[in-house]
Each structure stands twice: as structure tokens, then as C-alpha cells.
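Peer 1: Quick one: sequence plus predicted model below, questions after.
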Amino acid sequence: MPVQTSDHSWTARAAAGDENAFRELYRAYVRPVYWIARGILSSAPDAEDVTQETFVTAWRKLPGFELQGDSLLPWLATICRFQAANRLRRLRRDEAHTAEAMHDADMPATISVEDQVITTALAERIAREVGTLGELDREIFRLCAAEGYAYQAAADELGVSHAVVRNRLSRVRTQLRGAVKEASDA
């Protein structure tokens with residue numbers, strides 16, 4: 001059977017919900033789609049993710065889709081390029097958030113070994129103290145302290161202002177310092 005007939009037949013059957021036909025299309029085009037993604041992203045894991053996202057998107061968009069040319073590849077390549085562009089934007093945004101967080105952090109020039117050692121009891125005390133925080137404060141602490149978000153990025157994520165994040169995180173840090181001091185004095 002010529003490729004043109006196969007693509008038209010498989011596409012029509014897949015558009016009607018035939019998973020086996022979609023599986024055939026996947027097998028036929030997964031490698032070229034992967035290499036398109038890999039060329040854009042230069043990362044095998046990201047290319048694999050984008051390849052899967054491309055086929056998930058294609059499966060959702062197939063009902064009502066009518067193949068115009070001889071091959072489904074141009075349509076899949078377009079979806080892949082959009083998915084890869086979205087991935088690049090997310091990666092760049094995440095890099096910017098990490099860079100901003102590093103800039104915002106109060107990091108000492110040197111850290112002694114003694115300062116690096118945290119006992120289990122102290123870690124448990126901090127975890128208990130974080131557990132007493134309100135939901136918004138816990139989320140701010142998680143985003144900024146645990147995940148390295150910059151203040152503005154955390155504010156955007158939570159739908160609050162930069163000042164709210166800065167002020168609440170300052171209070172949380174003060175509260176945690178008090179808990180740490182209490183635990184170390186005991």
C-alpha cells in the first residue's frame with residue numbers, strides 16, 4: 001500500500017477514534033518528530049517529552065482533522081515546533097527564576113562546616129514550625145526557600161504582590177530563626 005493511502009486511511013481511522021490506527025501513525029512518525037524536537041531543544045530528555053506532548057496534542061486534535069497532503073508529518077512537525085517553543089519558553093523562564101532567586105538570596109561568602117551540620121532534632125523542629133504556618137505562608141516558603149523562586153515569580157504564581165511575598169517570607173524566616181534558636185538553646 002503506498003504511503004499516501006496509508007496516511008489518509010490511518011488518519012481518517014484515528015480521527016474516528018481508532019487507537020490502533022493512531023498507534024500506526026505514532027510508529028511511522030515518532031522518530032522524525034523526535035529528531036525535530038531534538039534539533040530545536042538540544043536535549044534528549046526534553047525532546048522525548050516534546051515528542052510525547054506532540055502525539056498527545058495530535059490525538060486530541062485529530063477528530064475533525066482532514067489530511068490535505070500526502071503525509072501527516074508536516075502537521076506533526078508544526079505541532080512539534082509549537083510544543084518545543086513552549087518548552088524553550090518554560091526552560092528560559094525557570095532559568096530566569098533561578099537566577100533571580102540566587103540574586104535575591106542572602107548567601108554568606110563562606111559557610112563553615114559547623115554551620116552546615118543540622119541535627120535531626122533541629123530539622124524536625126523546623127519542619128514542625130513550617131507545619132504551623134498558614135497556607136499562603138507555607139506556599140511562599142515552599143516556592144522561595146525550597147524551590148528557589150524569586151519573589152516576583154512566587155508572587156505571580158500565587159496571585160499576590162511582590163511586597164506580600166517579601167514581607168511574609170521575612171516573617172516566616174524570623175519565626176524559623178526563633179525556632180532554631182530555641183532548639184539550639186535547649
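Peer 2: Thanks, I have the structure now.

Peer 1: doesn't Trp10 make contact with Leu67?
Peer 2: No: using CB atoms under 8 Å, Leu67 is not in contact with Trp10, being 9.1 Å away. Where C-beta positions appear, they are placed from N, C-alpha and C, glycine not excepted.

Peer 1: Out of these two, name the residue with the larger neighbour count.
Peer 2: Between Leu67 and Trp10, Trp10 has the larger neighbour count (other CB atoms under 10 Å), namely 21 against 18.

Peer 1: Show me this structure divided up by domain.
Peer 2: Split into domains by automatic domain parsing, the chain comes to 3-103, 108-185.

Peer 1: what about Asn86, how many neighbours?
Peer 2: For Asn86, the neighbour count with other CB under 10 Å is 12.

Peer 1: ok, it - contacts?
Peer 2: Applying CB atoms under 8 Å, 6 or more residues apart in numbering, we find Asn86 in contact with no residue.

Peer 1: For it, give its distance to Ala154.
Peer 2: 22 Å (CB to CB, to the nearest Å).

Peer 1: Spatially central residue in this structure, please.
Peer 2: By CA atoms, centre = their mean, the chain has its centre lying nearest to Arg90, at 7.0 Å.

Peer 1: Okay, and that residue sits in which element?
Peer 2: Using DSSP states H and E, Arg90 maps to helix 73-104.

Peer 1: hang on, the earlier thing: take the domains of the chain and lay them out in JSON lines including mean pLDDT.
Peer 2: Output for the domains of the chain, formatted as JSON lines (pLDDT from 0 to 100):
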{"stretch": "domain 3-103", "mean pLDDT": "85"}
{"stretch": "domain 108-185", "mean pLDDT": "75"}
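
Peer 1: highest average neighbour count across these?
Peer 2: domain 3-103 (a mean of 16; mean count of other CB atoms under 10 Å).

Peer 1: Show me how far it is from its chain's centre.
Peer 2: Mean C-alpha position of domain 3-103 versus that of the full chain (CA atoms, centre = their mean, to the nearest Å) differs by 18 Å.

Peer 1: Val50 - nearest residue in space that isn't next to it in sequence?
Peer 2: Ala37 (4.1 Å; CB to CB, 6 or more residues apart in numbering).

Peer 1: The one you found is in contact with Asp46, isn't it?
Peer 2: Yes: counting by CB under 8 Å, Ala37 does reach Asp46; the two are 7.4 Å apart.

Peer 1: Can you tell me how far Ser43 is from Arg93?
Peer 2: According to CB to CB, Ser43 stands 16 Å off from Arg93.

Peer 1: and the next element down the chain from whichever strand or helix holds His8?
Peer 2: Here His8 sits within helix 3-15, counting by DSSP H and E. Sequence-wise, the next helix or strand downstream of helix 3-15 (DSSP H and E) is helix 19-41.
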